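**Q** Quick one, what's the 3D model for this:
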Amino acid sequence: MIENFLEYIVVGLEFIGVAIIVVGVLKTLYVFGRCMVKRIAIRPLMTEIRIDLSNYLILSLEVIIGRDIIETFLRPTLEDITILAVLVGLRTLLAFFLNYEMQHMPKPKLEKALEESK
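**A** Presented below is the predicted three-dimensional model:
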């Protein structure tokens with residue numbers, strides 16, 4: 001019974017992880033399109049747009065790592081544990097480098113540019 005419940009959680013977390021990515025991409029496209037329609041120079045704002053999308057990607061990676069951990073708990077073979085370790089390691093490195101890149105980017109200007117264009 002608990003295994004069935006955890007299977008639903010795994011599927012739900014997978015859906016949530018993908019949904020977070022989709023929302024982030026759609027929001028990025030919306031902001032990009034809004035800048036194009038209002039004729040705001042996009043190049044100076046690309047850093048902030050990338051930071052915003054990176055936040056969504058990092059959050060989705062964390063959710064998907066949680067899904068992988070629960071899934072491995074359900075089927076704890078040595079092969080599954082090895083695959084989990086590799087996936088968690090890769091996703092953790094990706095999240096680390098995305099965070100690192102975001103912290104070392106110039107400060108955002110998007111909000112100011114969008115407010116000035118009103």
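**Q** Let's verify the residue most central in space within the chain: helix, strand, or coil?
**A** Nearest residue to the geometric centre of the chain (C-alpha atoms, centre = their mean): residue 57, 1.4 Å. Three-state call for residue 57 (DSSP: H, G, I helix; E, B strand; the rest coil): helix.
**Q** In terms of helices and strands, where is residue 76?
**A** For residue 76, there is no enclosing helix or strand under DSSP states H and E.
**Q** what number of residues lie near it?
**A** Residues within reach of residue 76, counting by other C-beta atoms under 10 Å, total 9. For every residue, glycine as well, the C-beta is placed using N, CA and C.
**Q** now do residue 88
**A** Counted by other C-beta under 10 Å, the residues lying close to residue 88 total 17.
**Q** try residue 31
**A** Residue 31: 19 surrounding residues under other C-beta under 10 Å.
**Q** Give me the pLDDT for it.
**A** Looking at residue 31, its pLDDT is 87.
**Q** my guess is the residue nearest to the centre of the chain contacts residue 22, does it?
**A** No: Residue 57 is beyond contact range of residue 22, at 11.4 Å (criterion: C-beta atoms under 8 Å).
**Q** roughly how far apart are the residue lying closest to residue 42 once chain neighbours are set aside and residue 85?
**A** Leaving aside its chain neighbours, residue 42 sits nearest to residue 35 (5.1 Å; criterion: C-beta to C-beta, 6 or more residues apart in numbering). Look at residue 35 and residue 85: by C-beta to C-beta, to the nearest Å, they are 42 Å apart.
**Q** try residue 30
**A** Distance of residue 30 to residue 85, given as C-beta to C-beta: 37 Å.
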